[in-house]
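A.B. asks: Quick one, structure for this:
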Amino acid sequence: MSDREFDLIVFGATSFVGQILTKHLATRGTDVRWAIAGRNADKLATVADEAGVDVERIVADAADTTAMRNLAERTEVVASTVGPYALYGSPLVEAVAAAGTDYCDLTGEPQWMRRMIDAHQEAAVASGARIVHACGFDSIPSDLGVWFTQQRAQEQFGRPCTSISLRVKAMKGGASGGTIASGLNLMEEARADADLRKLLADPYALAPVDHRTGPRQPNVSRPRRDEASGEWAAPFIMAATNTRVVQRSHALLGRPWGPDFLYDEAMMVGGGVGGALKASVVTGGMGVFGGMAAFGPTRSLLRKIVPEPGEGPSPEAREAGFFDLRLYGRTADGDRIRTRVTGDRDPGYGSTAKMLAESALAFLDVPRSDVGGGFWTPATAFGDLLIERLEAEAGLTFDVL
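C.D. replies: Sure thing, here's the model as predicted:
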């Protein structure tokens, strides 16, 4: 594809996270040929001016299939921030699958990922397009954290972990309107579709067609004393997406961690009576929000009081944000390993934008002879290469404790 005009197009550069991503590329420094795209020419000009970059600005609407096809055919890689993806992302995925263009995004919407995989896997394989969803906080720290843990377990014990539990040790960050809109859209879809509710409950929902069964997976859905961390644990809202991505990675790799591999995620909230109380409060709060989001009248009320799409944490809040995740692995012989993944910015925006940027750039260094066309995950498409990039350029760390 050396005759294509660009190496990378950032689609949705005027979105909240798209603006942060554009600034990251500008300050990071790169010799790739890149452009920014969105549906509003004036806003694109403002984004370029504020980032201090002189790159081409492409006006294209996500609903315009011709524009999406033209965009896909002009570049080697597209990084998309245009969500909710279930509402706005499908024409672009269809276009890149047909054009043989590599693609990554920030979706945490498992129902949409499943639709795209089932609809366009064959086209992507045929064209050579490599498509990687969930290249932000959903689900790079989880997916690459498990990958990293398994590599270290193989080195230390000569065998992989048959179970891994990820626990959120600490996290600080705000929510943007775009992320909340995606969540509310998912709840609206699920409310009206019993088959979708069944899909969302399936831990193997994103696995390849011939790997959509497996052992019953653990699921932290209520307060509990946690064997892995020794503290009280509460549900983690992103587990429903992250666990599915990890199980897809395991299947795409050929299930090297064993047919009975188990994986779960939760939040660590402390020990003793205080931890039990906090776990109950966190669980109850999630239940209240989920209940309000599930019903039309209260969902409409939520839309009025939460941030609008395009709004999000201030620069100061993003700078002050961070995350600290712990992974607890155990082999079939009882050997144990603990690892850690950290990030130096607000997880959903400051850190997520850098993760997406580095994923997009990583495509340019992964030979097609190593990774061919199809729908991949961060771990199976990039592996150690992306870990190295994230540690060097995006403020993440991966280490053994």
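
A.B. asks: Would you map the strands across this protein?
C.D. replies: When assigned using DSSP state E, the strands of the chain occupy the ranges 6-11, 34-38, 56-59, 75-80, 102-105, 130-132, 161-172, 224-225, 232-234, 262-268, 322-331, 336-343, 374-376, 396-400.

A.B. asks: for the longest one, what is the average pLDDT?
C.D. replies: For strand 161-172, the per-residue pLDDT values average out at 96.

A.B. asks: Give me the buried positions along that strand.
C.D. replies: Within strand 161-172, the residues that count as buried by 16 or more other C-beta atoms under 10 Å are 161-169, 171. In short, each C-beta sits where N, CA and C put it, glycine included.

A.B. asks: count of neighbours near residue 222?
C.D. replies: 12 (other C-beta atoms under 10 Å).

A.B. asks: Quick check, it in contact with residue 266.
C.D. replies: No. Look at residue 222 against residue 266 with C-beta atoms under 8 Å: they stay out of range, at 10.3 Å.

A.B. asks: out of the strands of the chain, which comes closest to residue 357?
C.D. replies: strand 75-80 (7.0 Å; C-beta to C-beta).

A.B. asks: what's the angle from that closest one to strand 6-11?
C.D. replies: For strand 75-80 and strand 6-11, the angle between their directions (axes from the mean of the first three to the mean of the last three C-alpha atoms, to 10 degrees) works out to 20 degrees.

A.B. asks: how about the helices in the stretch 301-401 of the chain?
C.D. replies: In the stretch 301-401 of the chain, the helices defined using DSSP state H, counting those that start in this stretch lie at 315-320, 350-363, 378-381, 384-393.

A.B. asks: Format the ones you listed as a markdown table; extra columns: distance to residue 153.
C.D. replies: As requested, those are exported to a markdown table (distance: least, C-beta to C-beta, whole Å):
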| stretch | distance to residue 153 |
| --- | --- |
| helix 315-320 | 34 |
| helix 350-363 | 24 |
| helix 378-381 | 15 |
| helix 384-393 | 15 |
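
A.B. asks: Could you dump those helices into CSV with mean pLDDT added?
C.D. replies: CSV is the format used below for those (pLDDT from 0 to 100):
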stretch, mean pLDDT
helix 315-320, 85
helix 350-363, 96
helix 378-381, 98
helix 384-393, 98
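
A.B. asks: anything in contact with each of residue 222 and residue 266?
C.D. replies: In terms of C-beta atoms under 8 Å, 6 or more residues apart in numbering, residue 222 and residue 266 are both contacted by the residues residue 235.

A.B. asks: quick one, which of the strands of the chain is nearest to residue 282?
C.D. replies: Comparing these by their distance to residue 282 (C-beta to C-beta), the top pick is strand 232-234, with 4.0 Å.

A.B. asks: Please compute how far the closest one lies from its chain's middle.
C.D. replies: The chain centroid and the centroid of strand 232-234 are separated by 23 Å under C-alpha atoms, centre = their mean, to the nearest Å.

A.B. asks: Please spell out the segments of this protein that come in under the pLDDT threshold.
C.D. replies: In the predicted model, the chain carries pLDDT under 70 at residues 1-2, 174-183, 289-296, 298-311.

A.B. asks: biggest helix in it, by residue count?
C.D. replies: Counting residues, the longest helix in the chain under DSSP state H turns out to be helix 272-294.

A.B. asks: Now do it and strand 262-268, the angle between them.
C.D. replies: With the same axes, to 10 degrees applied, the angle from helix 272-294 to strand 262-268 works out at 110 degrees.

A.B. asks: Dump helix 272-294 to PDB, keeping only the CA atoms.
C.D. replies: The C-alpha atoms that make up helix 272-294 are tabulated as PDB, following Å, rounded to 0.1, in the frame of the first residue of the first chain:
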ATOM      1  CA  GLY A 272     -12.200  -5.100  57.300                       C
ATOM      2  CA  VAL A 273     -15.600  -3.400  58.000                       C
ATOM      3  CA  GLY A 274     -14.600  -0.300  56.000                       C
ATOM      4  CA  GLY A 275     -13.900  -2.400  52.900                       C
ATOM      5  CA  ALA A 276     -17.100  -4.300  53.300                       C
ATOM      6  CA  LEU A 277     -19.100  -1.100  53.600                       C
ATOM      7  CA  LYS A 278     -17.300   0.500  50.600                       C
ATOM      8  CA  ALA A 279     -17.900  -2.600  48.500                       C
ATOM      9  CA  SER A 280     -21.600  -2.400  49.300                       C
ATOM     10  CA  VAL A 281     -21.700   1.300  48.400                       C
ATOM     11  CA  VAL A 282     -19.900   0.800  45.100                       C
ATOM     12  CA  THR A 283     -22.200  -2.100  44.100                       C
ATOM     13  CA  GLY A 284     -25.300  -0.200  45.100                       C
ATOM     14  CA  GLY A 285     -24.300   2.900  43.200                       C
ATOM     15  CA  MET A 286     -23.700   0.800  40.000                       C
ATOM     16  CA  GLY A 287     -27.000  -0.800  40.500                       C
ATOM     17  CA  VAL A 288     -28.800   2.500  40.800                       C
ATOM     18  CA  PHE A 289     -27.200   3.900  37.700                       C
ATOM     19  CA  GLY A 290     -27.800   0.700  35.700                       C
ATOM     20  CA  GLY A 291     -31.500   0.700  36.800                       C
ATOM     21  CA  MET A 292     -32.000   4.300  35.700                       C
ATOM     22  CA  ALA A 293     -30.200   3.600  32.400                       C
ATOM     23  CA  ALA A 294     -32.400   0.600  31.700                       C
END
